[in-house]
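1. next one to model:
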Amino acid sequence: MKKILQSVGPAIVVAAVVLGPGSITTSTKVGATFGYDVLWVLLVILILLIGLASLAAWLGATMTQSLCGELNTRLGKWAGGIIGIAAFVIVAGFQSSNNMAVVAGLEPMFGREFSTAGIIATLAVTNGIIIAILYLAKDLYQYIEKLMKIFVGLMIIAFIVNFFWAKPSIPDAAAGLIPDFRPFGDKLQLLTLMGLIGTTFSVVGAFYQGYLVREKGWTVNDLGAGRRDSIIGMCVLVGVTAIIMMTSAAVFAGKTDAAELGNAGAISAQLEPLFGAKAKYIFCFGFLAGAFSSFLVNAMIGGHVFSDGMGRGGKLQSKFSQHSTTAALLVGMVIGILALTTDFDRTTTIVIAQAATVIGGPAVVAALLYLGLQQRKAAEHKTPMWMLVIAGVSLIVSLSVATRTVLKLTGVL
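-> This is a model prediction of the structure:
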């Protein structure tokens, strides 16, 4: 076990950023809405994520340059620029949710709402610590990898404790792994389900795997380690999501309106009558671990990929990458503070981020598929066909998610 933990890393960092407050809240709502019936969707997402993360890791280890660097060389700077700008806008737009999640996770643990000064101080200190780590850590990747393993471990412990308290039905969960398309017939339920796909099927996170393997120093000699790392990391990501969903199915399905489960405070309040006061603290503890783990890596993805896409440096600790990551953190903090302390409407920010997702999601998968096909032509270390097939299916799925977002933004859905 110690050897396995030492050998994995990049995919655990990806899992840490995807297992953020949005994913935790959405999977809770899905469990409350559908029970165990859509667990099979997570199985599909797992297969797609393993394929994409494995492809990104393969390309990161076998190609001469970073992913956006390869795109810029082969297609022109516009190609890497699109990916970099989309990644930064998506991250900066939704970083405010991570700031709000920190407050939402802390308030139930303290038993009171924070004052305006308390909110500002909490978020300023949190972001200040993250920025200090960003600039002062000598080997930032190794530091982040160790930190994310701790946060993911805390999440696993917290949510497994609630899982055993809830005592979900294993036979019903097993039946939920059999595909059932009936939930797609109801518009409201379809939106909830697509929200799960949108928060869990993180193509930008999978894309970033190609950068993380380079930061770890993996080369063509580590291709086996890259595949193993991708499989373990994505299984952890989807496994924790499934645990949260099954816990919610056992506790909330048919008993609680999913609309009432909007944040950590609301969810923990619903758990307390069933499991006692300790459940509230345990859930909020896991929720905070998700918020903090997503906090730095989410901004780091935006800053790092943006820097590389703009041709300003493909290394994590390049100055432009650090400055861009700091900008994403500060944008998220300011929007989060305004949303929590004033009547500031985040709708415009969310619309911009969703619009970037519409372009960025399919573009990221298309970029991976393109680079994978190019590496397939190489004399050695050809891209495995199974990775390309999964990338093709993922492109169709990402286009479907993008279409759903467009329809939602235009008011059709």
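
2. every contact and neighbour count from this point should use C-alpha atoms.
-> Noted.

3. what sits up against stretch 133-149?
-> Applying C-alpha atoms under 8 Å, 6 or more residues apart in numbering, the contact partners of stretch 133-149 are 9, 10, 12, 13, 16, 212, 215, 216, 293, 316, 317, 322.

4. next, the buried residues of that stretch.
-> Using 16 or more other C-alpha atoms under 10 Å as the test for burial, stretch 133-149 gives 134, 141, 144, 145, 148, 149.

5. could these be laid out in TSV, adding distance to residue 335, secondary structure and pLDDT?
-> Below are the buried residues of stretch 133-149 laid out as TSV (distance: C-alpha to C-alpha, whole Å; DSSP: H, G, I helix; E, B strand; the rest coil; pLDDT from 0 to 100):
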residue	distance to residue 335	secondary structure	pLDDT
134	21	helix	89
141	27	helix	88
144	25	helix	88
145	28	helix	86
148	25	helix	88
149	29	helix	86
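
6. I'd like these as a markdown table, with distance to residue 172 appended.
-> Below are those laid out as a markdown table (distance: C-alpha to C-alpha, whole Å):
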| residue | distance to residue 172 |
| --- | --- |
| 134 | 45 |
| 141 | 41 |
| 144 | 38 |
| 145 | 36 |
| 148 | 32 |
| 149 | 31 |
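
7. which one of these is nearest residue 262?
-> The nearest member of the buried residues of stretch 133-149 to residue 262, counting by C-alpha to C-alpha, is residue 148 at 25.3 Å.

8. now the contacts of stretch 133-149: which count as buried?
-> Applying 16+ other C-alpha under 10 Å to the contacts of stretch 133-149 flags 9, 10, 12, 13, 16, 212, 215, 293, 316, 317, 322 as buried.

9. same for the helix or strand encompassing the fourth one, what does it pack against?
-> Per DSSP states H and E, residue 13 falls inside helix 10-18. Under the contact definition 3 or more C-alpha pairs under 8 Å, 6 or more residues apart in numbering; DSSP states H and E, helix 10-18 sits against helix 140-166, helix 203-216, helix 223-251, helix 277-309.

10. which elements pack onto the third one?
-> Of the remaining helices and strands, those touching helix 223-251 by 3+ C-alpha pairs under 8 Å, 6+ apart are helix 10-18, helix 21-34, helix 39-62, helix 140-166.

11. would you tell me which one of the ones you listed is buried the most?
-> Highest mean neighbour count of those: helix 10-18, a mean of 30 (counted as mean count of other C-alpha atoms under 10 Å).

12. could you give the angle of that one to helix 140-166?
-> Here the directions of helix 10-18 and helix 140-166 differ by 60 degrees (axes from the mean of the first three to the mean of the last three C-alpha atoms, to 10 degrees).

13. and helix 10-18, average pLDDT?
-> Helix 10-18 carries an average pLDDT of 85.

14. that helix: how far from the chain's middle?
-> How far helix 10-18 lies from its chain's middle: 7 Å, per C-alpha atoms, centre = their mean, to the nearest Å.

15. please shift the residue numbers so they start at 211 in all later answers.
-> Done: numbering now begins at 211, and the last item shifts to helix 220-228.

16. quick one: it to helix 231-244, angle?
-> Going by the same axes, to 10 degrees, helix 220-228 makes 70 degrees with helix 231-244.

17. who touches helix 220-228?
-> Helix 220-228 is contacted by residues 263, 354-355, 358-359, 361-362, 409-410, 412, 415-416, 418-419, 422-423, 426, 439-440, 442-444, 446-447, 500, 503-505, 507-508 when judged by C-alpha under 8 Å, 6+ apart.

18. quick one: contacts for residue 488?
-> Contacts of residue 488 (C-alpha under 8 Å, 6+ apart): residue 482.

19. can I get the helix or strand hosting residue 381 as CSV, trimmed to CA atoms?
-> Element membership for residue 381 (DSSP H and E) is helix 380-385. Provided in CSV are the C-alpha atoms of helix 380-385 (Å, rounded to 0.1, in the frame of the first residue of the first chain):
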residue,chain,number,x,y,z
ILE,A,380,-26.2,-2.8,-1.4
PRO,A,381,-28.7,-4.8,-3.6
ASP,A,382,-30.4,-1.6,-4.7
ALA,A,383,-27.0,0.0,-5.3
ALA,A,384,-26.0,-3.0,-7.4
ALA,A,385,-29.3,-2.8,-9.4
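
20. so what's the gap between that helix and the chain middle?
-> Taking C-alpha atoms, centre = their mean, one finds helix 380-385 lying 26 Å from the centre of the chain it belongs to.

21. pLDDT of that helix, averaged?
-> 91.

22. equivalent analysis for stretch 495-506, please.
-> For stretch 495-506, mean pLDDT is 83.

23. again with stretch 412-431
-> Mean predicted confidence for stretch 412-431 is 90.

24. which residues are contacting stretch 451-464?
-> By C-alpha under 8 Å, 6+ apart, stretch 451-464 touches 229, 233-234, 237-246, 249, 252, 369-370, 372-373, 376-379, 383, 468, 481.

25. now do that stretch: distance to the chain's middle.
-> In terms of C-alpha atoms, centre = their mean, the centre of stretch 451-464 is set 20 Å apart from its chain centre.

26. then that stretch to CSV, C-alphas only?
-> The C-alpha trace of stretch 451-464 is given here as CSV (Å, rounded to 0.1, in the frame of the first residue of the first chain):
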residue,chain,number,x,y,z
THR,A,451,-18.9,10.5,-5.5
ALA,A,452,-20.7,7.2,-5.5
ILE,A,453,-20.4,6.9,-1.7
ILE,A,454,-21.9,10.4,-1.3
MET,A,455,-24.7,9.6,-3.7
MET,A,456,-25.5,6.3,-2.0
THR,A,457,-25.5,7.9,1.4
SER,A,458,-27.9,10.6,0.1
ALA,A,459,-30.1,7.9,-1.5
ALA,A,460,-30.4,6.1,1.8
VAL,A,461,-31.1,9.2,3.8
PHE,A,462,-32.9,11.6,1.6
ALA,A,463,-34.6,9.8,-1.4
GLY,A,464,-38.3,10.1,-1.1
